[in-house]
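1. pasted the sequence and its predicted model underneath.
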Amino acid sequence: MSAAPPPAGGGAPRRSRQAAASPTRQAAARARAAEIRARLRLPTSAEADIAVIGGSGLYELDGLEDAIEVRPPTPFGPPSDALVVGSIGPTRVAFLARHGRGHVLLPSEVPYQANLWAIRLLGAGRVIAVSACGSLQEAVAPRDVVVPDQLVDRTHGRPATFFGAGIVAHVAFADPFCPELHARLATVAEAVIEREPGGRRDAASPPTDRSGTGPRAVHRAGTYLAMEGPAFSTRAEAALHRSWGMAVVGMTGAPEAKLAREAELCYAMLAFATDDDCWRDPAEAEAVTVGTVLANLAASAATARAVVRDLAAEPLPSARGACACARALEGAVATDPRRIHPARAAELSLLLGDSPGGAS
Ligand SMILES: [Zn+2]
């Protein structure tokens, strides 16, 4: 197999000192992706530093300079749509509409494996996921931003791994979101909302107004519950999810976050509450109209664009050293390398390199 570039100095030992392993490993991963892009004849300008996956209401990103569209093939079929790669300041940003432009894919139909594979192939190390959600807490008002720190997966039947078919891998997923990107996203979101006409509310103070027009809060912690859908929750489900202490409910955070971890990508989410799910007593709840929800979606998309613009305007360190995301596959492959079929190893070489044991 010729997928991996020759290591400096030839056959260097795979397990060198732990402290030095990370940048070397990341550089090798980037070089491997570049080699595969070249083999697929993708243009060099398709290389990205970060990726943005836009959810309901966010189907394009404005302000991308020198933008091109790429449709990279993957072992898991085509991604949801073309990825649009362009520059914001010093950063190459790849944007992907999760449901496709025009919103043509159900949450259950989104090709999550192909999407995360394509992002890894373009070289992006960090992924910002934008999701429209229902609030499950009094403290989270419509149009508030939740940057979740935990996730509960209640989806079923969706492929949630790149592995299988002869290779077994188990990645650590105790902390499903990258702590470094999470902190950066929350800080930038706070600054963006501070500048908006309504201003920012302290996340600890309960909202006095749930119309979506009052001051907005950024919640730095909270659990995102992924439900299968596509129907919204029943009142009993909303009560159950609230009793579990969930902050927001959406339909796409899983398996997206799991696949990002398997692809060794830093992944964090901007979850925008667009409504109160259905947990309020209908007699007390303000009438939620389609118009209100659409207005909240549009406002949330505008905030998401501003957060991406601000975050990308500052150069991001190319090495990701403050978190363990880029080492997620180290020691994760349980299968005896001698039992892995060479064709299957070759298919997953973007992730595993020349060592299906996952240690390269
Ligand atoms: Zn990370």
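-> Looks like it came in fine.
2. would you map the helices across the protein?
-> 18-39, 112-121, 179-195, 235-243, 253-262, 290-313, 342-347, 349-352 (DSSP state H).
3. check those for me: which has the lowest mean pLDDT.
-> Looking over those, mean pLDDT reaches its minimum on helix 18-39, with a mean of 82.
4. by mean pLDDT, which helix or strand of this structure comes out lowest?
-> helix 18-39 (a mean of 82; mean pLDDT, DSSP states H and E).
5. what angle do that one and helix 112-121 make?
-> Using axes from the mean of the first three to the mean of the last three Cα atoms, to 10 degrees, the inter-axis angle of helix 18-39 relative to helix 112-121 is 100 degrees.
6. ok, and for helix 18-39, which residues are buried?
-> Along helix 18-39, these residues count as buried under the neighbour rule (16 or more other Cβ atoms under 10 Å): 21-22, 25-26, 28-29, 31-37. In this view, the C-beta of every residue, glycine as well, is placed from N, C-alpha and C.
7. may I see those residues arranged in JSON lines, with distance to the ion as well?
-> As requested, the buried residues of helix 18-39 are exported to JSON lines (distance: Cβ to the ion, whole Å):
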{"residue": "A21", "distance to the ion": "15"}
{"residue": "S22", "distance to the ion": "11"}
{"residue": "R25", "distance to the ion": "13"}
{"residue": "Q26", "distance to the ion": "11"}
{"residue": "A28", "distance to the ion": "17"}
{"residue": "A29", "distance to the ion": "13"}
{"residue": "A31", "distance to the ion": "20"}
{"residue": "R32", "distance to the ion": "19"}
{"residue": "A33", "distance to the ion": "17"}
{"residue": "A34", "distance to the ion": "21"}
{"residue": "E35", "distance to the ion": "24"}
{"residue": "I36", "distance to the ion": "22"}
{"residue": "R37", "distance to the ion": "22"}
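8. okay, and for this protein, where does confidence drop off?
-> 1-22, 283-288, 355-360 (pLDDT under 70).
9. close to the ion: what parts of this structure are there?
-> Counting by Cβ under 5 Å from the ion, the residues of the chain lying close to the ion are 178, 266, 323, 325.
10. the last one reaches A263, doesn't it?
-> No - using Cβ atoms under 8 Å, C325 and A263 do not qualify as a contacting pair, with a distance of 9.3 Å.
11. touching, V84 and L61? I think so.
-> Yes - in this structure V84 lies within contact range of L61 using Cβ under 8 Å: 7.0 Å.
12. quick one: neighbours of R71, just the number.
-> The tally of other residues near R71 (other Cβ atoms under 10 Å) stands at 12.
13. which ones are touching it?
-> Under the criterion of Cβ atoms under 8 Å, 6 or more residues apart in numbering, the neighbours of R71 are 78-79, 82-83.
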